[in-house]
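[1] what follows is a predicted protein model with its sequence.
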Amino acid sequence: MKFSQFIILLLCFLFVQNDIDAQRNRKFFDGPYITINDDSKDILWIQKSKVKKESITSDTIEFFNVPNLPKVDLYNLDFDIDTTLSYSDVNHFAAISDIHGQHDLFIDLLIAQGIIDSLQNWSYGDGHLVIVGDIFDRGDKVTESLWFLFDLEKQAKKTGGKVHVLLGNHEVMVLHGDIGYINPKYRYTSGASRTPYPDLFTDKTLLGQWLRSKNITVTINDFVFVHGGFSKKVIDKENSLNQINKVFKDKILPERAILYDTTEFISNLYFENGPLWYRGYAHPEGFDSEQAEYILGKLDKESIIVGHTSMPQVMSLFDNRVVLVDSSIKFGKSGEILIFEDDILYRGLLNGDRLLLDSDNKNGKRSIFDYLFEVVDSNTILTLKTDVKHLKKTKTEKEYQPSEVTLSDDLDEPLVFETRVKVRGNMRKKLCTLPPLKIDFNKADLRNHGFSNKDKVKLVLQCMDFKSQVISVKKEHLVYELYRQIDTLGLRSKLINVNLITEKNDKEVYQGFILEDEENLARRVGGKVIEKGIVRPEAMHREAYLKMVFFQYMICNTDWSVSGRHNIETILLDDGIRLFAVAYDFDYAGIVGQEYAVPSDIFPIMDVDQRYFRLKDLTKDELKAMRKFYNDERDNLNNIIQGAVYLSEKERNRFNSVVDDFYKIINSKRKSKVLLGDD
C-alpha cells in the first residue's frame, strides 16, 4: 500500500471513530438483529450506544426483552411467506404508506383508527392492514416498526385478519446496498458493530428473510395496492400482477445492482417507470382520467392505491380511481390513513375522526401555507425562480411578475408550482436589497397537488447580505412565535431556506420565514378580514386589544396603528359581533434590533430600544389583569426564547433581557404608574 493511501485510510478511520465517539453520548438503542444459523441464533443490538451480542444455541431464552427495544418472542420466529396476491369479500381495510422511521406517529394513527388497541395489540378483527411500502430510511425508529409488524401479522391471522407489508423503493434500496437516506442512528449501529448496514438484512438474518418474502403488490376486492404505481410502459409489456411480482422477487430482489443495459422489461420494472419508483399518478398535470382508465382496464380493477410521493393528505383522483396515501408522515408531525368501511373510503385522522374521501377533495384540504407550516421539514428549501433584477428594480410598485416555486429537501421528489410574485411591505421596500414578498400560487396547480384554493403566502427575507440581517430575520420570526403564545390569533410563521434563481440560473441564498396570509388566518379561525372602513381602537375586543398593546410595549415596538391600518389586521369574529386586532411586521421593534429602525418623531423617544406605552385610558383593574396574565405566561415565553436554538445563546439571552425589563416595569408599583399615565 502506498503511503498516501495509508494516510487517507487512517484519516477516514479517525473521522469515523470520532463520529462514533461523539454519537455514543446520544445513548442510542437499536435492534435486535437476529442471524439464523444451522444450530444457533446470533443476536446483535445496541444498548446505551454499546454493542451487545449473544449467541443462543438452544431455546432456553423465551424472549429478547431489553428496555427501550422491541420485545421479540424467540420461540415464535416463524412467519408466513406471502404467496397470495388477491383477496376478495373483505369488508374493511386500512392502508398507509411511507412511514420512514416515524414509528410513534404510525402507532398513534393505528390506535386512533381502531386498528390496534392502547397496548398496541391487533383490534381490527377480520380487517386487512396494508403497508404500501417505505418503512425504511429517514426516521430513527425503523427497526421498531419492522418488529411491530412482524408480530402484528401473527396477531391478525388469529382473528381472521391480515397484515400486508408491501415493499417500497426504500426497502429495495437498503437490500441493494443504497444507504444514502438512513438515519444517523443506523450509521452509528453500522460503524459501532463493524457491520455494513445492508448486511444487517441479508438473507441469513431473520428480518432479511422476512422482507424478501414480501410482495410488491396485492389486490383486495377491486383495489390494487402498489408503492409507486403501474406505468403504461410496464402494463403494455405485462399486465399479470402475479408475473410482475414473480419477476421482481426472482430477478430483481436477489441482486445487489440492476444495470440499465439489462433486459428491457426488468429495466422498466426497476427504474423510474417501475412499480416502486413511478410518480406519474401524483402529478396529474401529466396524467389524466383516460390514462387511469386504460391502466385499470388492463388490470381489470376499479381503483389503484399508491404511496411514494408526499401529499398534504390522503388524496383521491378521478372519482377514487387513483388514491394517493403518502400523507407526509415522514416529517413526523402529522399524517393520515386510508379507511375502507361499508364500501366507502375515508381519510382517517390522528384525532380519530374519519372524513369522506372524495375526488374534489373538499373535506379538510390543507392550504399551501398549512402544508409548509405543519408538515414540511425544517430543512426544506423554497426555490423561487423569477426575474430578480426586474423584481428589485420595480420593488416600489405593486405589480406581480411571473415566477416558479419549487419546494424540496434532500429526501424527496420536489413539488413545483407555477406562481407569480410581488414586493410587499412599507419601509422595507425602500431600504432592503430584497424586501418581503407575496407569492401567489396558481389555483389549478394547487388543486393538482392536493391543496386548497388559498393561494397566497408571504415571504420575509433577510433585508441585506449581512450576517446581522440573517440574525435579525430570525429574531423577527421569534417575535411571531412569542406573539402566538400571547394571542392565538397571531399569524403563524416558519423559518425556511430560500434560493432565488435568476433567469440566467444564477443563485442567491437567503434566510427567510414564511408568514401566514390574512385570508388564511381568517379561514383558520372562522372569521373575516375587515379591509375597508374606519376602525377605531375603542371598537376592538378590549381584553385581546390590551394583550396586544402590552405585547408591543414588551418588545419595544411603536410601529403600529389600528385606525391607520398600519401593521395591524382587523378580524371580525364571534358571529360577526366582535373585532380583534392582529399585529404583524415587527422589524421596527427594539427587541429585533434592525439597523434601519428609528421611531416616528410623533413619539417622545429617541431610539427603538426605548419603550413608549401607546394607550391612554388603561384602568388600574386592567393593569392588574394584564400583570397577572403576563406573569402567568412568563415561563412559557422564556421556554420559547430558550428553545429558539436557531439563534445563539448570546442572542437568546439578549432577547430575555428585554423581556425581563418589561416584567420589572409591570411588577413595580412605582414604574408601572407610567402605564396609567401617572407621572
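    Noted; the coordinates are in hand.
[2] and the helices in the stretch 1-150 of the chain, which stretches?
    3-24, 103-112, 142-158 (DSSP state H, counting those that start in this stretch).
[3] which strands and helices sit next to the last one?
    Identification of packing neighbours for helix 142-158 by 3 or more CB pairs under 8 Å, 6 or more residues apart in numbering; DSSP states H and E yields strand 30-36, strand 72-73, helix 103-112, strand 128-132, strand 162-166, helix 206-212. All C-beta atoms are positioned from the backbone trio N, CA, C, and that covers glycine.
[4] need the ones you listed in JSON lines (columns: distance to Asp445).
    Formatted as JSON lines, the helices and strands packed on helix 142-158 follow (distance: least, CB to CB, whole Å):
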{"stretch": "strand 30-36", "distance to Asp445": "42"}
{"stretch": "strand 72-73", "distance to Asp445": "48"}
{"stretch": "helix 103-112", "distance to Asp445": "28"}
{"stretch": "strand 128-132", "distance to Asp445": "26"}
{"stretch": "strand 162-166", "distance to Asp445": "30"}
{"stretch": "helix 206-212", "distance to Asp445": "38"}
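[5] in TSV: those, plus mean neighbour count, mean pLDDT and distance to Val388.
    Formatted as TSV, these follow (neighbours: other CB atoms under 10 Å; pLDDT from 0 to 100; distance: least, CB to CB, whole Å):
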stretch	mean neighbour count	mean pLDDT	distance to Val388
strand 30-36	21	95	46
strand 72-73	16	94	57
helix 103-112	20	97	39
strand 128-132	25	98	41
strand 162-166	24	97	45
helix 206-212	20	96	48
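[6] so which of those is nearest Ala583?
    helix 103-112 (33.6 Å; CB to CB).
[7] tell me how far the closest one lies from the chain's centre.
    16 Å (CA atoms, centre = their mean, to the nearest Å).
[8] any idea of the angle that helix forms with strand 128-132?
    With axes from the mean of the first three to the mean of the last three CA atoms, to 10 degrees applied, the angle from helix 103-112 to strand 128-132 works out at 150 degrees.
[9] can you find the helix or strand in the chain with the smallest mean pLDDT?
    helix 3-24 (a mean of 44; mean pLDDT, DSSP states H and E).
[10] mind giving me the domain split of the protein?
    3-60, 86-168+216-364, 375-521, 527-676 (automatic domain parsing).
[11] just the CA atoms of the helix or strand where Lys298 lies, as PDB, please.
    Using DSSP states H and E, Lys298 sits in helix 289-299. Output of helix 289-299 as PDB, limited to C-alpha atoms (Å, rounded to 0.1, in the frame of the first residue of the first chain):
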ATOM      1  CA  SER A 289     -58.600  10.000 -16.200                       C
ATOM      2  CA  GLU A 290     -58.100   8.400 -19.600                       C
ATOM      3  CA  GLN A 291     -54.700   7.100 -18.700                       C
ATOM      4  CA  ALA A 292     -56.100   5.900 -15.300                       C
ATOM      5  CA  GLU A 293     -59.000   4.100 -17.100                       C
ATOM      6  CA  TYR A 294     -56.500   2.500 -19.500                       C
ATOM      7  CA  ILE A 295     -54.200   1.100 -16.800                       C
ATOM      8  CA  LEU A 296     -57.100  -0.100 -14.600                       C
ATOM      9  CA  GLY A 297     -58.700  -1.700 -17.500                       C
ATOM     10  CA  LYS A 298     -55.600  -3.700 -18.200                       C
ATOM     11  CA  LEU A 299     -55.500  -4.700 -14.600                       C
END
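[12] buried set for it?
    Gln291, Ala292, Ile295, Leu296, Lys298, Leu299 (16 or more other CB atoms under 10 Å).
[13] reformat those residues as a markdown table; add pLDDT and distance to Leu459.
    Putting those into a markdown table (pLDDT from 0 to 100; distance: CB to CB, whole Å) gives the following:
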| residue | pLDDT | distance to Leu459 |
| --- | --- | --- |
| Gln291 | 84 | 35 |
| Ala292 | 85 | 35 |
| Ile295 | 91 | 39 |
| Leu296 | 92 | 41 |
| Lys298 | 91 | 45 |
| Leu299 | 92 | 44 |
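[14] just put those in a markdown table and tack on distance to Phe230.
    Compiled in a markdown table, those are given as follows (distance: CB to CB, whole Å):
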| residue | distance to Phe230 |
| --- | --- |
| Gln291 | 11 |
| Ala292 | 11 |
| Ile295 | 6 |
| Leu296 | 9 |
| Lys298 | 8 |
| Leu299 | 7 |
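[15] which of the residues you listed lies closest to Lys154?
    Comparing these against Lys154 with CB to CB places Leu299 closest, at 30.5 Å.
[16] number of residues surrounding the closest residue to that closest one other than its chain neighbours?
    In space, and not counting its chain neighbours, Leu299 is closest to Val224: 5.7 Å by CB to CB, 6 or more residues apart in numbering. When neighbours are counted by other CB atoms under 10 Å, Val224 registers 23.
[17] with that, I have no additional questions.
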